[in-house]
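Enquirer: Kindly return the folded structure for what I paste below:
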Amino acid sequence: MTEEIVVKAKAEVAAVTMTDGRVVNFVGKRKVLKETVVDSSKIEVEGDVVQLQAGAVSIRMDFRNGETRLIPLPVALLARFAGHGGEQKFGDELASSAADPMSEEDMVLAIDDLNAQIQAGNWGKGRATGGGGVSGASIVVQAICEATGKDLATVKAYLQKKLDSDEALTRRALYDSFRVAGTKTGIIIKRLEDAKLAKTAKVDADAELESI
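Expert: Numbering: from 1, shown residues only. Next comes the predicted model:
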């Protein structure tokens, strides 16, 4: 038997000199890059009061043809822009594939986890570095609560502390560790998932076998 080795080609990088003199790298077929530009000299913070001058926050868009646009966000619309960005941030946390969807319980847990980070002043991990919700997370947390006798808040605090202490550890990898067959939590998770599946079954499998 011949084993076929597939080598994935690296995406080409095009270094483009922008109209403002900057050199920007465009990877693969990427045609436009976006980034937020903050001018801290135009922002004053006193306690809970924030004063912003025009141009404090801008959006820069670089195009592959060398054109660039720096778009200052109007101060009068900053609250709307902040709200829109917040919707996007929390909405991204709920992205999942059709093959591995998140339940409503998983979604609520993901939003609570992200909100705890945001309220603490942390932007949180991007999805590319292991952030984002995890399908089946609510059952894993439920199993840990049952196995330890600890309440939900204590378990969630433990999981977040574990993630914060190891930058290489993703939420998915951490939760999967508690799913290992034969472990205390793994046995509980299997029981919970079997019970959930039984509730959603559309037919009686044993009865159907008799009609085949």
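Enquirer: Next up, the contacts around the spatially most central residue of the chain.
Expert: A centroid search over the chain (CA atoms, centre = their mean) returns residue 132, at 2.1 Å, as the residue closest to the centre. The contact partners of residue 132, by CB atoms under 8 Å, 6 or more residues apart in numbering, come to 92-93, 95, 110, 125, 171. (C-beta placed from N, C-alpha, C; glycine too.)
Enquirer: Mind checking which of those are in helices?
Expert: 92, 110, 171 (DSSP state H).
Enquirer: Show me how to select, in ChimeraX, the buried members of these.
Expert: In ChimeraX syntax, the buried subset of the ones in helices among the contacts of residue 132 is picked out as below (16 or more other CB atoms under 10 Å):
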select :110,171
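Enquirer: Now flag whichever of the ones in helices among the contacts of residue 132 is closest to residue 64.
Expert: Closest approach to residue 64 among those (CB to CB): residue 92, at 24.6 Å.
Enquirer: Residue 189 contacts residue 143, correct?
Expert: Yes. If you go by CB atoms under 8 Å, residue 189 and residue 143 touch, sitting 4.7 Å apart.
Enquirer: Find residues that contact each of those two.
Expert: Each of residue 178 lies in contact with both residue 189 and residue 143 under the rule CB under 8 Å, 6+ apart.
Enquirer: Using CSV, write out every CA atom in the helix or strand bottoming out on mean pLDDT in the chain.
Expert: The helix or strand with the lowest mean pLDDT-type score in the chain, counting by mean pLDDT, DSSP states H and E, is helix 205-210 (a mean of 85). Taking Å, rounded to 0.1, in the frame of the first residue of the first chain, the C-alpha atoms of helix 205-210 are listed here in CSV:
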residue,chain,number,x,y,z
ALA,A,205,-35.7,2.0,18.2
ASP,A,206,-36.4,-1.4,19.8
ALA,A,207,-40.0,-1.4,18.4
GLU,A,208,-38.8,-0.4,15.0
LEU,A,209,-36.4,-3.4,14.9
GLU,A,210,-39.4,-5.7,15.0
